[in-house]
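Chemist: mind folding the following:
(chains A and B)
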Amino acid sequence: MRRYSAWAVAREATRYHEGWERAWRAPEPKKRYDVVIVGAGGHGLATAYYLGKNHGITNVAVIEKGWLGGGNTGRNTTIIRSNYLQDSSAAIYEKARSLYETMSQDLNYNVMFSPRGVIMLAQTEHEVRGYQRTAHANALQGVSTEFISPQRVKELVPIIDISGPRYPVLGGLWQARGGTARHDAVAWGYARACSDMGMDIIQKCEVTGIRQEGGRVTGVGTTKGAIDCGKLGIVVAGHSGHLAEMAGFRLPLESVALQALVSEPIKPCMDVVVMANTVHGYMSQSDKGEMVIGGGTDAFNNYTQRGSFHHIEETVRALIETFPMISRLKMLRQWGGIVDVTGDRSPILSKTPVEGVFINSGWGTGGFKAIPGSGFGFAELMAKGYSPLTAEFGLNRFAEGRFVDESVAAGVAH
Amino acid sequence: MSTRLSTGGRLIDRTKPMSYTFNGKRMKGFAGDTLASALLAGGQMMMGRSFKYHRPRGVVASGAEEPNALVGLGQGAAFEPNQRATTTELFDGLSATSQNHWPSLEFDVGAINNRLARFFPAGFYYKTFMFPRVAWKKLYEPIVRQSAGLGAVPKERDGDTYEHFYGFFDLVVVGGGISGLIAARAAGRAGLRVLLMEQTAHWGGRAPVDAAADGATVNDAPVDKLVEEIVADLATMPNVTTRLRMMAAGVYDHGYVLGYERLTDHAPEAPGPRHRLWRIRAGQIVTATGAIERPLSFAGNDIPGVMLASATRDYIVNYGVSPGDRVVVVTNNDDAYRTAIAVKKAGLDVPIIVDARAAGGGALAQAARDLGIRVENGRAIAKVHGKKQVEGVSICAQAGEGGVLEEIACDAVAMSGGWSPVVHLWSHCGGKLTWDEAQAHFRPDVHNSPKGDAGETFVTPAGAANGAMQLGDVIADAGEMAGRAIAALGGTVRAEPVTASAPDEVPMQPVWLMPQGAGPKLRMKAWLDYQNDVKVSDVQLAAREGYESVEHTKRYTTLGMATDQGKLSNINGLAILSDALGQPIPQTGTTTFRPPYTPISMGAIAGTARGAAFQPLRRTPMHSWHEENNAHWEPVGQWRRPYCYPRTGESHAEAVSREINQTRSSVGLLDASTLGKIIVKGPDAGRFLDMLYTNMMSTLKPGKCRYGLMCSENGFLIDDGVVARLDEETFLCHTTTGGAESIHAHMEEWLQTEWWDWKVYTANVTEQWAQIAVVGPKARAVLQTLSDDDLSAETLPFMAWKEVTLAGIKARVFRISFSGELSFEVAVPAGQGMALWLALLDAGAEHGIMPYGTEALHVMRAEKGFIMIGDETDGTVIPQDLNLHWALSKKKDDYLGKRAQQRSHMADPNRWKLVGLETLDGSVLPDGAYAVAEGVNENGQKRTQGRVTSTYHSPTLNRGIAMGLVLHGPDRMGEVLEFPGTDGTVSKARIVDPVFYDKDGEKQNV
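Modeler: Numbers count the residues shown, from 1 in each chain, chains lettered A, B, ... in the order given. Okay, here's the model as predicted:
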């Protein structure tokens, strides 16, 4: 792999950039791999990357029905934070956040991680108490957060209105080391690094069946032919249920549409990410200058990657209330993604009833921020059969009632 | 130089001059001008700077597809960035500023990027700016952000208002061109309820402009005449609604159309809302949205003065404005000849028409030649000369690599790469596209249309939007497609003989790069996406690097991601991509079309719901009294509840203490009206409540009350409250304030989906009743002064209720207590709440009666060890954790949550359980603090063994009290735990009984 650098760009400029090589190869599938990962989104690619990097497993294929990074990895609002309440959540999200810090250098691909800080606004007494609790929990979890005053919120976000009238800002949970990253670049950077390790990323290749012998996986059938594998990782978000059905088990997941929108670009006016759970919306400004806005999920199950407009109305209304100046901006584009949600709003990273088949799903509305941590832990689980990062996220928790419920901390999609 | 012609301009009124400013300079225009036409008339060709390289940019289009001419409009509370000059109607006093430059439009420091453009190809930032690590946030990103962005930031709160409309129509026709007009008239005559909307200020669309150049007629009359005739017809039809300046922003499932009407953008002084958002349900939608011309990709195609041929024609015909004196026309189709003819007819020079087709054009080409215009076939533009203004073009052979055959001086270039139907609305809800080889564009695949839930088509394209590009075809197609939509609605269509006479056109020929063999130097100067500075070379680079999916290319290069969302660039870009990948265009496909069609204001989306009206404000019947008595409000859902009632000079904490002391020692009043009240009625009501609550409710006797718990099917405690049995078949369930709606919905969900055959009705009567808690040792005395009914403990014991008359008002009195005091909750019809409240204040005056707020309520319940939903519970707590086993019926076979609570983790003896906590020094424990245990877990996190759930200063005990959940808590009485704060301090607290006050309950049982 040719390294990327300012020097490389300058050198290529002298020959009209005609000397750049492919970021990732486009191979035909081999007959067999040690590990096949289904789904070349951020989580799938990160899993492959850490299988190679941490566990020396490089005979890996990542197969993808569409184009890599084309699902929720490329549709989210790019927020990265780890100020979760429960220990097991904080562990995996904080692992992810810390890996984001060095991702550009690790991958030699600038994913533009920008630790600009994330504020979650408290606008009711109840939220104040909730975030004070989270701040206490985070301190013990090694996650650096702080409950800040309304005045401090205003200093950090000059365009915010902290005075209401309906829901004045009473404070906020501030994670200075949270932020955003360029979502597509995360998928592309991992894809390039995986390809460089000799892994095959096979796009436009749909899984049509999962083959087993004696309760153990032996391979997958695909639109590009049969592929044998030793282990199989299913990392397909909204379509997890379909793959699980092929393998012969069911998942406690529902798929719903989550929408987001951007404004037209304007000059920099907001340096941090703000989430307002009471009014139900969140906003940041991209490096391009667009205000990136998200809200809640639709209340009905759906696979269409588009949602109903009334959610957009609710979200925009909430954010005009919080940031009155955006009333004079225009919505440029709205879009939707399909998120797979569990009963406790926490992910599933687990062995399955089929030996050798592992599932990574259920990230709901918050998967982007988890990508490197999820890949790190899931790779360890697949390689060694156990990972402390994923231990609490097994499928058996639903049978045992051992939920990891973040609903107290995640009132809004994120 | 661009200038105003002495005659012409079908849309302007030369008798009404208007004055406006651009970058502070006073300029003149006419009524009917757009800002773009007025600027051109004033010689202002350059209108902005591009996003990335800060290149000088002029207007390139004349409508919604304009990527370059974006301005900041208005000032102060009316300022709005990124307004398209081409769709901004001129008004007297308009003030516009150009964008994305410093210090000025003419001289922009950011243009250094242009000098360095070679080093900034697509995606260069993914390859650079990585070292040192901190520099991205501290150095590179701020520079990138400052350089990017477009418009200035609005500083003030929006001074305008907005509103929403609902519309219900059989047929919605989008587009007021010839096709839309024909469709609307046909539907109107069929008796359907029709809405016709047109995004511009004028009916007729492109056809009248074209006719002005080629002399086309309809029914042997000018095209304008047909437009007038249909508009007049529509005006007489009461079943037809027409709107100008209204755009269909999006099409959603089930025939939902979002309409965006701009009411006062063109007349800011007019009264009323600025924008109106229409939420429309349509039986059928006809998209008569026309087509958009494509640029051609040649070097220097972004220099101010290079314009779409159709736009050049629009400015001349509609506004009497010429983009230049010498206009070179370059084309791959016949339509652009109309522009040459229009330019010539306006008395300007067309030095050459460069037709890339070897065989050249048809009748229109001949007409141009007849006017003395030189036409060269098989030729191309190798390069445009000029920096801030076109100065000339180099002509070459289209088939070659750009060897210059001839230099031609000119000050404007009109280009046409063919036309693409506007398929956005068709595509929003799943309509598929088909590639039309002959016309080299995607058009709607009518066999794969957006479908309703019964599989019926609900969107029909018509006219140019359906790929019909010549006048005769447009009219025929509009009639046919409208007929289909009308028939789908059960209407019948009367044949309308409309015959067009227009010159025949010969086929266009796709030209995606000019010249065909252009080398890298030329490709680096051939723009695809003007605003985002994406060039032919960038798309080729993306393909080379493996970003082969059209979505990858888009995201890697930012092609089509600008404010025009690729209206000009998409097809050209994916043709270049397809060529680079060696695959046909349809195989490459398009990116997804997403709403809105063009950007719509956030203000319109929010409508009237802002400020105080942001959400409904729910008021109790006594709300105004609280307000007059200095309540400090706390938002609780959409309610506001008094937190406390501070008196002059009193802090909130002092007020809370006073309220508690008064209540505990004498008597206090609480407005408890916000508590949820749900009637559950029917022969199966008891059976239903037995399933809903963990307790047995069916055995409750009329006249009695019982405290109950509700769990989710996962076993977690979700709500609590007192149930009163009103009669044999009727229960009144009290819920928490926050739970009223959700618990009612929860009941209905179970009734409607699981127990639909049970005979039970529910009704949420929360707002029908005012409820007042009269609390304290003197409570009975106060009530008794207002009533002749017997309120003694014998006739109204604890956990009983009865109907009495209080101050002449019929009331229900519940003997229940959330404070541990003698307490009566009195419910009266909402309309009589205030009367009772005042009567109670009056009657209690001798005891010093005063109201208390939510904080006193919370402190008093904590003193008694009563749990609070939302404090002691958080969605992870089961009743067993709270030592509420007594409320879990063992006699019942089942209740919601019972099975879940038997799961291994729920039955685990190692769960955290409710205890009281007392700091050793009497201080108040920090809210939400955790009790630490020894060591760390395998993820390196400090281990914990409990947490604080409620913590207060108790004025009654004059010390801090708290409740918490602690591992094996009830078995560890007296043990001391450590609670680290977030400020480095550590609080020590002893585990105690959670009932801090009146442990035997003597105070409430009197």
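Chemist: number of nearby residues for residue B:510?
Modeler: 18 (other C-beta atoms under 10 Å in any protein chain shown). The C-beta positions use only the backbone N, C-alpha and C, and glycine is treated the same way.
Chemist: run a quick neighbour tally on the residue nearest to it when sequence neighbours are not counted.
Modeler: Once flanking residues are discounted, residue B:510 sits nearest to residue B:440: 3.9 Å by C-beta to C-beta, 6 or more residues apart in numbering or on different chains. Residues lying near residue B:440 (other C-beta under 10 Å) number 23.
Chemist: can you check residue B:366 too?
Modeler: Burial of residue B:366 is recorded as 14 neighbouring residues (other C-beta under 10 Å).
Chemist: local confidence estimate at the residue nearest to residue B:510?
Modeler: Here the pLDDT value assigned to residue B:440 is 97.
Chemist: which residues touch it?
Modeler: B:418, B:508, B:510, B:575 (C-beta atoms under 8 Å, 6 or more residues apart in numbering or on different chains).
Chemist: same question for residue A:199.
Modeler: Here residue A:199 is in contact with A:48, A:52, A:58-62 (C-beta under 8 Å, 6+ apart).
Chemist: distance of it relative to residue A:163?
Modeler: 54 Å (C-beta to C-beta, to the nearest Å).
Chemist: how many neighbours does the residue in the stretch 101-250 of chain B that chain A sits nearest to have?
Modeler: Going by C-beta to the nearest C-beta, chain A is nearest to residue B:149 of the stretch 101-250 of chain B, at 3.0 Å. For residue B:149, the neighbour count with other C-beta under 10 Å is 25.
Chemist: once you drop chain neighbours, what's closest to it?
Modeler: The shortest distance from residue B:149 to any non-neighbouring residue, by C-beta to C-beta, 6+ apart, is to residue A:289 (3.0 Å).
Chemist: per-residue confidence for that neighbour?
Modeler: 96.
Chemist: and what of the one 5 residues further on?
Modeler: Per-residue confidence (pLDDT) for residue A:294: 92.
Chemist: please name the bridge partners of it.
Modeler: Note on residue A:294: beta-bridge partners by DSSP bridges are residue A:260, residue A:282.
Chemist: isn't it right next to residue A:260, touching?
Modeler: Yes - the pair residue A:294 / residue A:260 is scored as a contact, 4.3 Å apart, by C-beta atoms under 8 Å.
Chemist: which residues touch residue A:295?
Modeler: Residue A:295 makes contact with A:259-260, A:280-282, A:311-312, A:314-315, A:318, A:412-413 under the criterion C-beta under 8 Å, 6+ apart.
Chemist: same thing but at 6 Å, please
Modeler: When contacts are counted by C-beta atoms under 6 Å, 6 or more residues apart in numbering or on different chains, residue A:295 touches A:280-281, A:311, A:315.
Chemist: which ones are touching the residue nearest to residue B:149?
Modeler: Here residue A:289 is in contact with A:265-266, B:148-149 (C-beta under 6 Å, 6+ apart).
Chemist: for the residues you listed, give me a markdown table that also has pLDDT.
Modeler: Below are the contacts of residue A:289 laid out as a markdown table (pLDDT from 0 to 100):
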| residue | pLDDT |
| --- | --- |
| A:265 | 96 |
| A:266 | 97 |
| B:148 | 86 |
| B:149 | 89 |
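Chemist: could you dump these into a markdown table with secondary structure added?
Modeler: Formatted as a markdown table, those follow (DSSP: H, G, I helix; E, B strand; the rest coil):
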| residue | secondary structure |
| --- | --- |
| A:265 | coil |
| A:266 | strand |
| B:148 | coil |
| B:149 | coil |
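Chemist: out of those, which comes closest to residue B:586?
Modeler: Nearest to residue B:586, judged by C-beta to C-beta, of the contacts of residue A:289 is residue A:265 at 31.8 Å.
Chemist: distance of the residue nearest to residue B:149 from residue B:214?
Modeler: For residue A:289 relative to residue B:214 (C-beta to C-beta), the value is 43 Å.
Chemist: same question for residue A:14.
Modeler: Using C-beta to C-beta, residue A:14 is found at 50 Å from residue B:214.
Chemist: between these two, point out the one with more neighbours.
Modeler: Remark: of residue A:14 and residue B:214, residue B:214 carries more neighbours, 20 against 10, as counted by other C-beta under 10 Å.
Chemist: quick check: domain ranges of chain B?
Modeler: Structural domains annotated on chain B: B:1-149, B:162-292+B:420-494, B:296-416+B:508-588, B:623-674+B:768-860, B:676-767, B:909-1006, as defined by automatic domain parsing.
Chemist: turn those domains into JSON lines, including distance to residue A:177.
Modeler: As requested, the domains of chain B are exported to JSON lines (distance: least, C-beta to C-beta, whole Å):
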{"stretch": "domain B:1-149", "distance to residue A:177": "10"}
{"stretch": "domain B:162-292+B:420-494", "distance to residue A:177": "38"}
{"stretch": "domain B:296-416+B:508-588", "distance to residue A:177": "27"}
{"stretch": "domain B:623-674+B:768-860", "distance to residue A:177": "31"}
{"stretch": "domain B:676-767", "distance to residue A:177": "32"}
{"stretch": "domain B:909-1006", "distance to residue A:177": "16"}
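Chemist: and the ones you listed, which is most packed in?
Modeler: Highest mean neighbour count among those (mean count of other C-beta atoms under 10 Å in any protein chain shown): domain B:296-416+B:508-588, with a mean of 23.
Chemist: gap between it and the chain center?
Modeler: 36 Å (C-alpha atoms, centre = their mean, to the nearest Å).
Chemist: go on, stretch B:868-877?
Modeler: Here stretch B:868-877 is found 32 Å from its chain centre; the criterion is C-alpha atoms, centre = their mean.
Chemist: now do the end-to-end distance for it.
Modeler: 12 Å (C-alpha to C-alpha, to the nearest Å).
Chemist: and what of stretch B:901-914?
Modeler: Stretch B:901-914 has an end-to-end distance of 17 Å (C-alpha to C-alpha).
Chemist: and it, average pLDDT?
Modeler: Computed over stretch B:901-914, the mean pLDDT rounds to 96.
Chemist: alpha carbons of stretch B:592-603, as PDB, please.
Modeler: C-alpha atoms of stretch B:592-603 as PDB (Å, rounded to 0.1, in the frame of the first residue of the first chain):
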ATOM      1  CA  THR B 592     -30.900   8.600  -4.400                       C
ATOM      2  CA  PHE B 593     -33.300  11.500  -4.900                       C
ATOM      3  CA  ARG B 594     -34.200  12.900  -1.500                       C
ATOM      4  CA  PRO B 595     -36.600  15.600  -0.500                       C
ATOM      5  CA  PRO B 596     -36.800  18.500  -0.700                       C
ATOM      6  CA  TYR B 597     -36.700  19.300  -4.400                       C
ATOM      7  CA  THR B 598     -35.000  22.600  -3.600                       C
ATOM      8  CA  PRO B 599     -34.100  23.700   0.000                       C
ATOM      9  CA  ILE B 600     -37.100  24.900   2.100                       C
ATOM     10  CA  SER B 601     -36.900  27.100   5.100                       C
ATOM     11  CA  MET B 602     -36.600  25.600   8.600                       C
ATOM     12  CA  GLY B 603     -39.100  28.300   9.700                       C
END
